[in-house]
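generate a structure from the sequence data that follows.
(one chain, ligands or ions: 1)
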Amino acid sequence: MNMSESMATVEQAFDIDKSASFDYVIKRQRRKTMALHVLDDASVEVRAPKWVAKKEIVKFVEQRIEWVVKQRRSRIKKLAQVPQFANGHRHYYLGERYPLAISMANRASVNFLDDHFLIKVRDPDNAEQIQRALESWYRSQAKDYFEQRLFACFETFPDWFQDKYIMPEITVRKMRRRWGSCSSKGEVTLNLMLMKMPIACADYVITHELCHFEAFHHGAEFYQLLSAVMPDWKERELLIEELS
Ligand SMILES: [Zn+2]
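Below is the predicted model of the structure:
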């Protein structure tokens, strides 16, 4: 396709209840048929041959309004879920969302100031720099936070457990599929993303992994111990599922 040959004009279409009106761009191209596209940013584009009359194009779109509205809704929903690394966008920390305030500086830094994140980066328009700064901040907080939670969780176990096992070393990693894991040697790995969740979630994952010290698989013995130590573990598990 030769881009320089495509001419764009903007039109507007309405669905029946007018609640989902959208603009669409008509791109005149060297092609034989018309095609309707809803792009990732939820914008709508009609690609049409140069010779097709405007009213034909409008008719073409109007016949497909329902489809467009449905597509746009799912794109918009997806867009809303993707965290944006720009001024004012809100990011989670221990279950609460706080806006980012971005400013320029030679050295990247992140400060959490009770009700917002103050982030300094070289280029405030560079989402990648902001993302990297924020992630390294989560990492810098993670070790202390998880150790503190581990200490609190370990204390909820019965005396025999505390006598039998020592508190494990915690490794922090960004993981796609798991919130935590426990090796047969008793090393516990926690997902960095738990920093974004309420404390109840990190406590659940830590307690779950500690139970594996006594019962390596998810058998009856495992759940017996887990339920004794953390009676509301099911609610916490649901909360993690909801938030992830
Ligand atoms: Zn497990």
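
which residues touch stretch 123-136?
84-87, 91, 100, 102-104, 108-110, 117, 119-122, 174, 192 (C-beta atoms under 8 Å, 6 or more residues apart in numbering). Where you see a C-beta, it was placed from the backbone N, CA and C, and this is true even at glycine.

before we move on, what about stretch 182-196?
In contact with stretch 182-196 (C-beta under 8 Å, 6+ apart) are residues 91-95, 135, 138-139, 141-142, 145-146, 150, 165, 168-175, 178-181, 201-202, 205-206, 209-210, 212-213, 216, 243-244.

again with stretch 98-108
85-92, 112, 115-124, 129-130, 132-134.

could you flag which of the residues you listed are buried?
85, 91-92, 117, 119-121, 124, 129-130, 133-134 (16 or more other C-beta atoms under 10 Å).

helices - which of those residues land there?
129-130, 133-134 (DSSP state H).

is it true that A101 lies in a strand?
Yes - looking at A101 with DSSP: H, G, I helix; E, B strand; the rest coil, it is inside a strand.

let me see the confidence value for it.
Note on A101: pLDDT of 96.

repeat for R177
Reading off the model, R177 has pLDDT 86.

for the protein, where's the lowest mean pLDDT among helices and strands?
Within the chain, no helix or strand scores below strand 7-13, which has a mean of 49 by mean pLDDT, DSSP states H and E.

re the thing from before, so which of the contacts of stretch 182-196 are in strands?
91-93, 170-173, 180-181 (DSSP state E).

list only those of the residues you listed flagged as buried.
91-93, 170, 172, 180-181.

need the max-distance pair from the residues you listed.
Spatial extent of those (C-beta to C-beta) is set by the pair H91 and S181 at 25.3 Å.

the residue of the chain most remote from its centre in helix, strand or coil?
Residue farthest from the centre of the chain, counting by C-alpha atoms, centre = their mean, is W51 at 44.8 Å. Put simply, W51 is coil when judged by three-state DSSP.

and the gap between it and W160?
84 Å (C-beta to C-beta, to the nearest Å).

could you do G180 as well?
23 Å.

then V38?
Distance from V38 to W160, by C-beta to C-beta: 60 Å.

ok, the two, which is more surrounded?
Between V38 and W160, counted using other C-beta atoms under 10 Å, V38 has the larger neighbour count: 20 against 9.

widest-spaced pair of the ones in helices among the buried ones among the contacts of stretch 98-108?
Q129 and L134 (9.7 Å).
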